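[1] what's the 3D shape of this:
(one chain, ligands or ions: 1)
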Amino acid sequence: VAAVAGDGRHQPGIAERAPAHLIFTAYDLISTEPTAVRSALAALLRTWTSASAVLMRGEPTAGAERDTAGLGPAALTVTVGLGASALRRAGLDTRIPGPLADIPALPGDRIDAARGGGDLAVQVCAEDPMVAYSAARQLRRIAAAYVQPRWVQRGFQRTAAGAADPDATPRNLMGQVDGTDNPRPGTAQFDLAVWAADGPAWMRGGTYVVCRRIRMLLDSWDRLTEAAQSEVIGRRKSDGAPLSAPPADQGGGETTAPDFAARTADGRPAIAVNAHIRLAHPQFHGGVAMFRRGYSYDDGLDATGEPDAGLFFQAYQADPRTAFVPVQRALAASDALSTFIRHTSNALFAIPPAPPPGGFLAQQLLD
Ligand code: HEM
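    Predicted coordinates for the structure are as follows:
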């Protein structure tokens, strides 16, 4: 699989189609004194910027030549983010952009602090698990003088090779077609929803990613009938069509727009009042959208033998205060899906734009 070039304006790993493997590592800075933190941040971001370019070309960083012999670029992308805590520790509190304000505690949260937060984040995505692992490890090794890992989340998607139709919307671990009503990269809606157009210069053309490890209670979910599972989302499990759409043989399908006013023959809302897509739809949130690019995760079994698996939810947006936060508040209050999921982690990172030629990520913040 070919190398990803990036567009020179935005960091890679956001608008590109998500490859099969994810390794997301959050780090904490080792230094404590603000001046030392600032110089550690500059040195680290300079190092990660140049190493990312090398790795994405399919080349090894110094000392890793043998580890990566025989591996290609495999569509590797490296995406680097900063948490508000990094700016606080660097004495840059007054320069924390508004959209990087901490996500408030939300109803229903069962957050494990050790699995969330972090001063810095490195997202590695690739079509090949060895390429992803090797890149994540090299980026960790060259950062060891400045940061220590705080948490790691691995995730997966179906592979392009395994998909009957690689362009079809993928399914999540609940079996739902997931990603239908996402802003499409390259459209004005996507640009508006995702890229920061104003705010501090070092973030213009960047974005903010909310990460939530959302466990799925798969054994309970499996006990629902397919019709009941479709009601929970508001879309047919079979083909992802909204429940307001005509049957498939009359032209209704995944791309049919949902009609939230539609009623069934017996007078009930075709898309239930507590259906996930009704509560999350931009129509009920002042038109505000976010770009969901999450990965499935499988961390084995818990102590009781139930699967510890679900969705590592990642949503990219220009401002979580007007996107993720109000949408999640609405979902937490009434979403039918809430019975079958648990939010177990929370993190928010600023993803600066692509570095200027010859420069490094977030350079304008640290100059
Ligand atoms: C839509 C699943 C969590 C926001 C959907 C759809 C599915 C789905 C199947 C319909 C297809 C699509 O348009 O992509 C899930 C699952 C979740 C989850 C399984 C948890 C494990 C969340 C969270 C948020 C969210 C935490 C944000 C706070 C949305 C939005 C849509 C959506 C904005 C599109 C609504 C529309 O425009 O019709 N989700 N979701 N979801 N979800 Fe989720």
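[2] so who does Gln123 touch?
    If a contact means C-beta atoms under 8 Å, 6 or more residues apart in numbering, then Gln123 has 13, 22-24, 77-81 as its contacts. Just so you know, the C-beta spots here come from the backbone N, C-alpha and C atoms, and that holds for glycine as well.
[3] Pairing partners for the helix or strand where it lies, with directions?
    For Gln123, the element it lies in under DSSP states H and E is strand 120-126. Listed by DSSP bridges, the sheet partners of strand 120-126 and their directions read strand 21-29 (antiparallel), strand 77-82 (antiparallel).
[4] Quick check: next helix or strand after that strand?
    Next in sequence after strand 120-126, counting helices and strands by DSSP H and E, comes helix 129-141.
[5] So which other helices or strands are in contact with that next one?
    Helices and strands touching helix 129-141, as assessed by 3 or more C-beta pairs under 8 Å, 6 or more residues apart in numbering; DSSP states H and E, comprise strand 21-29, helix 34-56, strand 120-126.
[6] Among these, which comes closest to the ligand?
    Proximity to the ligand, assessed across the helices and strands packed on helix 129-141 by C-beta to the nearest ligand atom, is greatest for strand 21-29 (15.4 Å).
[7] Who does the residue nearest in space to the middle of the chain form a beta bridge with?
    Averaging the C-alpha coordinates of the chain gives a centre point, and the residue nearest to it by C-alpha atoms, centre = their mean is Gln314 (2.0 Å). Here Gln314 sits in beta bridges with Cys211, going by DSSP bridges.
[8] show me the residues around it that make contact.
    Contacts here follow C-beta under 8 Å, 6+ apart; on that basis Gln314 touches 24, 209-211, 292-295.
[9] next one: phi and psi at Ala113?
    The phi and psi torsions at Ala113 (degrees, to the nearest 10) take the values phi -60, psi -30.
[10] What's the per-residue pLDDT of it here?
    With respect to pLDDT, Ala113 scores 95.
[11] do you know how far it is from the ligand?
    Using C-beta to the nearest ligand atom, to the nearest Å, one gets 19 Å for the distance from Ala113 to the ligand.
[12] wait, what's in contact with that residue?
    Under the criterion of C-beta under 8 Å, 6+ apart, Ala113 has no neighbours.
[13] before we move on, what about Ala315?
    Residues in contact with Ala315, defined by C-beta under 8 Å, 6+ apart, are 209-210, 290-294, 323-324.
[14] can you check Ala257 too?
    Pro242.
[15] thinking again about what came up before, could I get the helices and strands packed on helix 129-141 in CSV, plus columns for distance to the ligand and mean pLDDT?
    Output for the helices and strands packed on helix 129-141, formatted as CSV (distance: least, C-beta to the nearest ligand atom, whole Å; pLDDT from 0 to 100):
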stretch, distance to the ligand, mean pLDDT
strand 21-29, 15, 98
helix 34-56, 28, 97
strand 120-126, 18, 98
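[16] Which of the contacts of Ala315 fall within strands?
    In strands, defined here by DSSP state E, the members of the contacts of Ala315 are 209-210, 291-292.
[17] quick check, nearest of these to the ligand?
    Taking the ones in strands among the contacts of Ala315 together and measuring to the ligand by C-beta to the nearest ligand atom, the closest member is Arg292, at 6.1 Å.
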